[in-house]
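Asks: Pasting the sequence and the predicted model now:
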Amino acid sequence: MKTVALLGTGIMGAPMARNIAQTGCSLRVWNRTIDKAKKLSDCASVFDSAAAAVSGADIIILMLKNGAIVTEVLFGEDGVTAAIKKNAIVIDMSSIQPSLARDHANRLKELEIRYIDAPVSGGEKGAKEATLAIMAGGSFADFQEVEPVFNAMGCSTHVGIHGAGQVAKLANQVIVAVSIGAVAEALLLAQEGGCQPEAVRKALMGGFATSRILELHGERMLERNWVPGGPLELQLKDLDNALDVAEMAGLKLPLTEQAREAFWDLTNDLEMGRNDHSAYLRWLEVQNPGIRLGNVADQEP
């Protein structure tokens, strides 16, 4: 029976932990806001410190906000690497820069600790339903060893060397961001062209335009539900990272650049960074003064 430590029990990490616990492993959890971790006390051992949580663990999973926090938790003044046993596997399921993932892999290798970068797609819904898409970079043998843990959370694919998982996640986020914008524009176009947007969404779900973005985020837009499954500020971070990789590769990505500007405006000028990324609709409405999706004259601005 493997001992698994999961660091970061927020929107995504908490349901992921519950699904891992169902495999019968010995599960340990930690979160900076300890009350969030304590909600998992029915299925996991809760620790006040990250170092205590990882001590003796065979697999350490990180589900943290960004690369800077991952680096701090691993290698900072109170970093956990000294408490990780040799030959354990660190799986970083956070979304960070590919170059940083490779750096972490190299630093951990020097300590005889194995590493896989394995970011996820599917949002809170996918985390709860164990249907996450998991993109893993690193040794294929290491991937096979931890695949049963991945299977508890969703569907995993080995996509290449260290850092490749993060690049695959950025490719995913490019598609998500551009598609969210397309869905918002399509629904607003349908309404202003004389259609009922709810009916158009239903009709399009049977054709080539069908997608999870149209299904889930289109519904959020129609309901004006901005409670985050995926916060805008994290989408912006991923787009910035994608454009950094594109620049290093000498690529021009016009649609990604345009989507990034919209998400920057939403996060900064409109101060909606903690809202769901389907709130892209609000940016589009700002570009079209006086026009709003649905009969929402008396709802929030």
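Replies: In hand now; what should we look at? Keep in mind the model is a prediction, meaning the values are calculated, not measured.

Asks: State the phi and psi torsions of the residue lying closest to residue 9 once chain neighbours are set aside.
Replies: Spatial nearest neighbour of residue 9, excluding adjacent residues (Cβ to Cβ, 6 or more residues apart in numbering): residue 31 at 4.3 Å. Quick note: C-beta positions are derived from backbone N, CA and C, even for glycine. Backbone geometry at residue 31, expressed as degrees, to the nearest 10, gives phi -150, psi 150.

Asks: Can you give me the neighbour number for residue 31?
Replies: Neighbours of residue 31 under the rule other Cβ atoms under 10 Å: 25.

Asks: Then residue 147?
Replies: Residue 147: 14 neighbours (other Cβ under 10 Å).

Asks: same deal with residue 11?
Replies: 19.

Asks: Quick one: residues contacting it.
Replies: 124, 127, 228-229 (Cβ atoms under 8 Å, 6 or more residues apart in numbering).

Asks: Flag the least confident of those residues.
Replies: Among the contacts of residue 11, residue 229 carries the weakest pLDDT, at 80.

Asks: Test my guess that that one contacts residue 276.
Replies: Yes. Residue 229 is within contact range of residue 276, at 5.7 Å (criterion: Cβ atoms under 8 Å).

Asks: can you give me the strands in the chain?
Replies: For the chain, applying DSSP state E gives strands covering 3-7, 26-30, 45-46, 59-62, 89-92, 114-117, 120-121, 132-137, 154-160.

Asks: Where among the ones you listed is average confidence lowest?
Replies: strand 120-121 (a mean of 93).

Asks: And residue 229 and residue 276? Which one has more around it.
Replies: Remark: of residue 229 and residue 276, residue 276 carries more neighbours, 23 against 20, as counted by other Cβ under 10 Å.

Asks: ok, residue 192 - how many residues close by?
Replies: 12.

Asks: Now do the contacts for it.
Replies: Contacts of residue 192 by Cβ under 8 Å, 6+ apart are residue 291.

Asks: Backbone dihedrals for the residue located most distally from the centre of the chain, both of them.
Replies: Most distant residue from the mean C-alpha position of the chain: residue 194, 36.3 Å away (Cα atoms, centre = their mean). Backbone geometry at residue 194, expressed as degrees, to the nearest 10, gives phi 100, psi 10.

Asks: what's it in contact with, if anything?
Replies: Counting by Cβ under 8 Å, 6+ apart, residue 194 has no contacts.

Asks: Please tell me how far it sits from residue 265.
Replies: 29 Å (Cβ to Cβ, to the nearest Å).

Asks: same check, this time on residue 281
Replies: Taken as Cβ to Cβ, the span from residue 281 to residue 265 is 13 Å.

Asks: When these two are compared, which one has more neighbours?
Replies: A direct count of neighbours by other Cβ under 10 Å for residue 281 and residue 265 places residue 281 higher, at 26 against 18.

Asks: Report whether the expected contact of that one with residue 293 is present.
Replies: Yes. Taking contacts as Cβ under 8 Å, residue 281 lies within contact range of residue 293: 6.0 Å.

Asks: Need the residues touching each of those two.
Replies: With Cβ under 8 Å, 6+ apart, residue 281 and residue 293 have common neighbours 184, 187-188, 221, 224.
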